[in-house]
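Asks: return atomic coordinates for the entry below.
(2 chains)
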Amino acid sequence: MANQYINLEYLNEVALGNLEFKKEMLQTFVNKTPQSIIQMEQALQHEDFEQVGKIAHQLKTSFSFVGMDATVDLCKRMQEMGLKKIDTHLLSECLIILKNNLNLGLKEIDNELNTI
Amino acid sequence: MSGNRTSVFIVEDDEMFLKSVQHNLAQNRSLDIRVFSDGESAIKAFDSADKKPHVVILDYFLSTDNTSKKSGLDVLKHIKSEKKIAKKVEVIMLSGQEDVEVAVSSVEAGAYDYVVKNRSAFLRVQNDLKRITTLRAKKQENKKLRTFIIFLSILLAVLAFVSLIFTIDTTFFGLLG
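Replies: Got it, this is the predicted structure:
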């Protein structure tokens, strides 16, 4: 079944046909990204918007590797909000969407990992 | 590390990007690659290395927290702080997004190039490495050529001197008859 939320075209390009590397990258995403979201939640609770922006900045690269382009755009927006401290009241809602997108992506990545 | 190989440091705190750059560059067998996930460890390795890396690929936005206080720009400035070393080490700065200020501050601090971490980033880094390697090879050739010319000049001077002595000698003894 075709993926709805992730697109591994770019990762396949980067992997240069090396399935072990592709697997390693997907596992890194699975291990690291939820941790970053937890750190982002904690930063938001402490109203450390700059830290939220920094984490959003780092997450952009991770989401772009698995082709979650809409989530990359969301991270860009959150980065701006956090670092420039604008519309910070929207960050909580953005974080909910981000978590939801991540969960949807993770399910498809799990399926991909099982096929490698 | 042999003379023809290019040594590269990659300094990047994003694990996925670090792995992908390393994987990509590892296809080039003439590179010796070392990776670092923070500025401190990269500076420590740089300072203690007998042979400095030829190229440093460096993330501009290295995360700075309690354990890591060096940003990418700090690392770049450290590398470029000693003039003698600065000339020999090229730094390719990476950034997550296009930012004119970042690009300008990187180049002003002595970066060779500023590369945005998008889909064409790997190709751009590879091309930079090719140019740097070619330039280094040419510099080495020029150095060899300069040494050869100096050697040749000395040899000619010695020959001229010997010839002069010989001429004086034969003239002197010729006069004596």
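Asks: tell me where the chain has helices.
Replies: Going with chain A. Taking DSSP state H as the test, the helices found in chain A are A:9-15, A:19-45, A:49-65, A:69-84, A:91-115.
Asks: wrong one, chain B
Replies: Going by DSSP H, chain B shows helices at B:15-25, B:39-48, B:72-79, B:83-86, B:100-108, B:121-176.
Asks: average pLDDT for the last one?
Replies: In this model, helix B:121-176 carries a mean pLDDT of 90.
Asks: and the angle for that helix with helix B:15-25?
Replies: 50 degrees (axes from the mean of the first three to the mean of the last three C-alpha atoms, to 10 degrees).
Asks: and chain A, is helix B:121-176 touching that?
Replies: Yes: shown here: helix B:121-176 in contact with chain A (C-beta under 8 Å from any C-beta of the partner chain) through residue B:122. Every C-beta, even on glycine, is put in place using the N, C-alpha and C of the backbone.
Asks: and that helix, what other elements does it pack with?
Replies: If you count contacts as 3 or more C-beta pairs under 8 Å, 6 or more residues apart in numbering or on different chains; DSSP states H and E, helix B:121-176 packs onto strand B:6-11, helix B:15-25, strand B:55-59, strand B:90-95, strand B:113-116.
Asks: excluding chain neighbours, what is closest to residue 76?
Replies: Just so you know, I chose chain A. Excluding the flanking residues, the one nearest residue A:76 by C-beta to C-beta, 6 or more residues apart in numbering or on different chains is residue A:60, at 6.2 Å.
Asks: actually, chain B is the one I wanted.
Replies: residue B:109 is the one closest to residue B:76 (C-beta to C-beta, 6+ apart), at 4.9 Å.
Asks: with residue A:81 instead?
Replies: Distance criterion C-beta to C-beta, 6+ apart; nearest residue to residue A:81, sequence neighbours excluded, is residue A:87 at 5.1 Å.
Asks: angles on the backbone of the residue lying farthest from the centre of chain A, please.
Replies: The outermost residue of chain A relative to its centre, with distances by C-alpha atoms, centre = their mean, is residue A:17 at 23.4 Å. Residue A:17 adopts backbone torsions of phi 80, psi 0, taken as degrees, to the nearest 10.
Asks: now residue B:99
Replies: The phi/psi pair for residue B:99 (degrees, to the nearest 10) is phi -150, psi 110.
Asks: gap between it and residue A:87?
Replies: 20 Å (C-beta to C-beta, to the nearest Å).
Asks: and the closest residue to residue A:79 other than its chain neighbours, what does it touch?
Replies: Spatial nearest neighbour of residue A:79, excluding adjacent residues (C-beta to C-beta, 6+ apart): residue A:56 at 4.1 Å. Contacts for residue A:56 (C-beta atoms under 8 Å, 6 or more residues apart in numbering or on different chains) come out as A:40, A:75-76, A:78-79, A:82.
Asks: if we can go back for a sec, need phi/psi at the residue nearest to residue A:81.
Replies: Backbone geometry at residue A:87, expressed as degrees, to the nearest 10, gives phi 50, psi 40.
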